[in-house]
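In: after the sequence you'll find the predicted model.
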Amino acid sequence: MSTQTPTETPNPAEKKKFVRRIAPDRSQRIRQIVQGLFVALNGWIGLQFYLWVRYYERGGQGLSVARPAGAEGWLPIAGLMNFKYFLATGLIPAIHPAALFLFVAFLLMSLFLKKAFCSWLCPVGTFSEYLWKLGQRIFGRSLRLPRWADVTLRGLKYVLLGFFVFIIGAMSAEALLDFMNTPYGLLADVKMLNFFRNMGTTAAIVILLLVFFSLLVQNFWCRYLCPYGALMGLVSLLSPVKIRRDADACIDCGKCARACPAHLPVDQLVQVRSVECTACMACVSVCATQDALQFALPPRKAAAPAARWSRRTLSPLAVAGVIACLFFGLILYAKATGHWQTNLPREMYLELVPHSNEAAHPGM
Ligand code: SF4
Ligand code: SF4
């Protein structure tokens with residue numbers, strides 16, 4: 001899906017004056033720092049969660065650590081189920097409430113900052129980005145699929161999203177509560193960890209294939225298959241902040257379009273509304289022209305480009321600040337109101353966790 005606003009046809013006789021950008025661009029450095037911090041945070045949570053699971057698998061022996069509720073950020077389906085439950089009842093569920101708060105935080109990011117979640121926070125997005133950059137080093141370039149294949153494959157993530165939304169949308173609040181209270185629902189986080197710990201041959205082959213395609217094609221997983229990214233993209237259509245090009249200042253060099261990992265024709269648009277825009281600001285970082293391209297609110301109606309964009313643009317630091325406020329703000333709210341941890345008794349975990357592999361999906 002691509003909804004963009006084309007600019008007026010420029011008069012080729014008019015050669016525009018190039019005014020070099022004054023401030024150096026730091027967007028990619030700042031974004032990479034945020035990505036790195038978030039990967040480190042996820043690594044820390046993953047280690048802590050592993051130790052917590054091992055403690056219960058050993059029957060309460062060994063190192064005892066607190067259960068990191070942040071691990072529920074890796075349960076997007078639980079997040080969607082809890083979101084539906086909250087919409088239907090107005091109540092915050094007791095099982096995996098952190099999944100709900102993180103899901104809402106990521107939705108709000110998309111609502112305000114396009115799909116910034118994908119290119120600033122998501123560890124899978126970060127991994128994908130480093131893979132295609134590595135692929136470009138190895139092969140000299142990335143592969144671009146023919147338009148028909150690209151458009152068809154981009155639809156896959158919406159099919160997957162539609163499947164989950166249809167299944168969860170059809171469940172009543174009672175059915176959602178019942179599901180979450182089955183051993184499978186209670187141990188969804190442990191089962192996610194077990195998937196990576198005890199990976200079967202088929203899953204390993206699929207992951208290796210995804211890694212291979214991600215080396216060849218920019219953001220292969222995110223662009224074609226991720227249902228979470230599909231949802232974030234749809235919400236991002238409502239974002240008031242977008243990549244915006246000032247046709248008067250722009251010298252039509254085309255660098256922004258060539259730098260865009262989503263292959264968007266940035267140099268021909270006045271605003272990028274596409275669901276594929278991840279607010280990575282790679283286009284802004286390569287644009288050397290003052291006031292030509294920015295991540296901004298709609299411009300003011302003023303004659304001079306500088307006045308048009310005064311207090312309308314979002315600097316990379318401001319983007320990082322909004323992301324941090326939404327992420328930590330919702331976590332603090334959840335903690336302060338007692339809705340962060342899944343508070344099951346220790347005895348229950350002692351009984352359930354060692355048998356997590358036997359907990360089958362209730363629908364099977
Ligand atoms: S990089 Fe894009 S926005 Fe900047 S001057 Fe060139 S064409 Fe215009
Ligand atoms: S390069 Fe610009 S237009 Fe392309 S995805 Fe990144 S922010 Fe969006």
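Out: Cool, got the structure. Numbers count the residues shown, from 1 in each chain. Ligands and ions are numbered 1, 2, ... in the order given.
In: for the spatially most central residue of the chain, what are its contacts?
Out: For the chain, C118 is the residue whose C-alpha lies nearest the centre (C-alpha atoms, centre = their mean; 2.9 Å). Going by C-beta atoms under 8 Å, 6 or more residues apart in numbering, C118 touches 125, 222, 226, 229, 232, 278. Where you see a C-beta, it was placed from the backbone N, CA and C, and this is true even at glycine.
In: which pLDDT value does the model give L121?
Out: At L121, the predicted lDDT confidence score is 97.
In: can you tell me the closest non-neighbouring residue to it?
Out: Nearest non-adjacent residue to L121, counting by C-beta to C-beta, 6 or more residues apart in numbering: F38, 5.0 Å away.
In: what's the neighbour count on that neighbour?
Out: For F38, the neighbour count with other C-beta atoms under 10 Å is 18.
In: quick one: which helix or strand includes it?
Out: helix 27-57 (DSSP states H and E).
In: report all helices and strands that that helix contacts.
Out: Under the contact criterion of 3 or more C-beta pairs under 8 Å, 6 or more residues apart in numbering; DSSP states H and E, helix 27-57 touches helix 123-139, helix 188-197, helix 282-286, helix 316-336, helix 346-352.
In: follow-up on the earlier one: gap between the residue nearest to the centre of the chain and S128?
Out: Per C-beta to C-beta, to the nearest Å, C118 is found 9 Å from S128.
In: what sits in contact with each of those two?
Out: Going by C-beta under 8 Å, 6+ apart, residues that sit against C118 and also against S128 are C222.
In: returning to that earlier point: format the contacts of C118 as JSON lines; extra columns: secondary structure, neighbour count and distance to K133.
Out: Below are those laid out as JSON lines (DSSP: H, G, I helix; E, B strand; the rest coil; neighbours: other C-beta atoms under 10 Å; distance: C-beta to C-beta, whole Å):
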{"residue": "G125", "secondary structure": "helix", "neighbour count": "24", "distance to K133": "13"}
{"residue": "C222", "secondary structure": "helix", "neighbour count": "27", "distance to K133": "14"}
{"residue": "C226", "secondary structure": "coil", "neighbour count": "24", "distance to K133": "19"}
{"residue": "G229", "secondary structure": "helix", "neighbour count": "27", "distance to K133": "19"}
{"residue": "M232", "secondary structure": "helix", "neighbour count": "24", "distance to K133": "22"}
{"residue": "T278", "secondary structure": "coil", "neighbour count": "30", "distance to K133": "15"}
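In: between those residues, which sits nearest ligand 1?
Out: Among those, T278 lies closest to ligand 1 (C-beta to the nearest ligand atom), at 17.3 Å.
In: show me the contacts for the residue lying closest to the closest one once chain neighbours are set aside.
Out: Nearest residue to T278 in three dimensions, chain neighbours excluded: S119, at 3.8 Å (C-beta to C-beta, 6+ apart). Each residue near S119 by C-beta under 8 Å, 6+ apart is listed here: 31, 125, 129, 278-280.
In: all good on my end, thank you.
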